[in-house]
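Enquirer: let me see the structure of the following:
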Amino acid sequence: MNMGLNINATKKNTTVNIALTGLMGALVIVGTFLNIPVPVLGDRTMIGLGNVFCILSGLLLGPIYGGAAAGIGSGVFDLIGGWATSAPTTLINKFMMAFVCGAIAWSGKSEGRKAGRIILGAVSGSLTYCVLYMTKSLIEASLLGNAQEAIAVLLTTKLLATLVNAVIADVVAVPLSIAVRKSLERNKMYLGVVSQAQGRLSRVELHRLLTAVLLVIQAVLQIVCIAVLLPGIQTAAAELAPTPTVTAPLYWAAAALSAVQIICALLYSWKKGPYAYAAGACNLLSLVLAALFLFSSLASPVLVKYLPIGVIFTVLLAAALFFFFSGQRRAQKKPSAK
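Expert: As a prediction, the model looks like this:
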């Protein structure tokens, strides 16, 4: 039995993977918002649907794309949901959850289609997260100097909540992944290697893929953040100043640009030519807007708590622009190399 790691990075399914990575990242954020908070001795945990979409990401997209969707989506939720101090460890833990799930479900030539490996992957991914989360909780509780009895109660409560989340995630995500995959493939949107003759991505194609993935992820996250956070930003701004300091049209214009950016990125991943210029223009304009938001966050008492979002968006767009120019430079050199 071949258990080699399949990272799900081939030419034919690139556009589907990019679109679903951005979509799953957004669904992870939305699903995590649908939760029941559980207070635990001055700390807190939650029972919700976030892990469902993390496991679903790994099952549908494999270890790399799935891990990116789960990790980034969960990390962004922590930043905007009041858990900012946990964002780095959450990103790593949720990435590993989907990575382990996807690595097992996609092992060998199964590509997430064999029921046995789907179930094993989902359970293994959930258990991986349980171990990582409980280890992190134990370290935090010990560093705070809590009494042994308090640590035991805290860990027991968190373990029960985590196990409930794991059961919900696996029970929902496994059949849902099968249904979603069948629906996609009925519409000729294939996941995985359709033909072994497709070969590896060239360096130019890889850079184009990375550019498109980063642009789609940033755009989807920006639309979700604007929709979720704008009402609270406007309310806080109105309390501080009688005249409006936060204009909704400007933010919704940024959301519209994000929608255009998604379309251009998908077209760029599919074909070259004029789509490259459109994707590059969207990338550059979005980077300018992200940098402006970043500097505004430093100067505004209303926006300062959203500074990490500005940093994330700026880094994603700067990385996308780097891969864009690198790919274009390599593409221009390629014809002359005979």
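Enquirer: alpha carbons only for contacts and neighbour counts from here, please
Expert: Fine.
Enquirer: what are the boundaries of the helices in the protein?
Expert: Listed in chain order, the helices of the chain (DSSP state H) span 14-33, 50-80, 87-105, 115-143, 148-186, 203-240, 248-270, 274-299, 307-333.
Enquirer: what mean pLDDT does the third one have?
Expert: Mean per-residue pLDDT for helix 87-105: 90.
Enquirer: what angle separates it from helix 50-80?
Expert: Here helix 87-105 runs at an angle of 160 degrees relative to helix 50-80 (axes from the mean of the first three to the mean of the last three CA atoms, to 10 degrees).
Enquirer: swap in the first one?
Expert: Counting by the same axes, to 10 degrees, helix 14-33 points 80 degrees away from the direction of helix 50-80.
Enquirer: contact partners of helix 14-33?
Expert: 48-54, 57, 61, 65-66, 68-70, 72-74, 76-77, 81, 189-191, 209, 212-213, 216-218, 220-221, 224, 266, 269-270 (CA atoms under 8 Å, 6 or more residues apart in numbering).
Enquirer: of those, buried ones?
Expert: Among the contacts of helix 14-33, the ones that count as buried by 16 or more other CA atoms under 10 Å are 48-54, 57, 61, 65-66, 68-70, 72-74, 76-77, 189-191, 209, 212-213, 216-218, 220-221, 224, 266, 269-270.
Enquirer: before we move on, back to that, hey, least reliable of the helices of the chain by pLDDT?
Expert: For the helices of the chain, mean pLDDT drops lowest on helix 203-240, to a mean of 75.
Enquirer: I'd like the distance from it to the chain centre, please.
Expert: Relative to its chain's centre, helix 203-240 lies at 11 Å (CA atoms, centre = their mean, to the nearest Å).
Enquirer: how about that helix: buried residues?
Expert: 204-226, 230, 233-234, 236-237.
Enquirer: count the residues that sit near L257.
Expert: 18 (other CA atoms under 10 Å).
Enquirer: brain fart, Q148
Expert: So Q148, with other CA under 10 Å, has 11 neighbours.
Enquirer: please apply the same query to the one 4 residues further on.
Expert: Other residues within reach of A152 by the criterion other CA under 10 Å amount to 14.
Enquirer: repeat for the one 5 residues further on
Expert: Taking other CA under 10 Å as the criterion, the count of residues near T157 is 17.
Enquirer: tell me the domain ranges of this structure?
Expert: Domain assignment for the chain, taken from automatic domain parsing, gives 14-198, 203-336.
Enquirer: which of those is buried the deepest?
Expert: Burial of these is given as mean neighbour count (mean count of other CA atoms under 10 Å); domain 14-198 ranks first at a mean of 21.
Enquirer: chain center to that domain, what's the gap?
Expert: On the basis of CA atoms, centre = their mean, domain 14-198 sits 10 Å off its chain's mean C-alpha point.
Enquirer: before we move on, what about stretch 279-297?
Expert: 20 Å.
Enquirer: export that stretch to CSV, keeping only CA atoms.
Expert: Extracted as CSV, the C-alpha positions of stretch 279-297 are listed here (Å, rounded to 0.1, in the frame of the first residue of the first chain):
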residue,chain,number,x,y,z
ALA,A,279,-3.9,40.5,-11.6
GLY,A,280,-0.8,42.6,-11.1
ALA,A,281,-2.7,45.8,-11.1
CYS,A,282,-5.2,44.5,-8.5
ASN,A,283,-2.3,43.2,-6.4
LEU,A,284,-0.5,46.6,-6.4
LEU,A,285,-3.6,48.6,-5.7
SER,A,286,-4.7,46.3,-2.9
LEU,A,287,-1.2,46.5,-1.4
VAL,A,288,-1.4,50.3,-1.4
LEU,A,289,-4.8,50.2,0.3
ALA,A,290,-3.6,47.6,2.9
ALA,A,291,-0.6,49.8,3.7
LEU,A,292,-2.8,52.9,4.1
PHE,A,293,-5.0,50.9,6.5
LEU,A,294,-1.9,49.7,8.4
PHE,A,295,-0.7,53.3,8.9
SER,A,296,-4.3,54.5,9.7
SER,A,297,-4.4,51.8,12.4
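Enquirer: begin at 389 from now on, thanks
Expert: Noted, 389 is the first residue going forward, which turns the last one into stretch 667-685.
Enquirer: okay then, goodbye and thanks.
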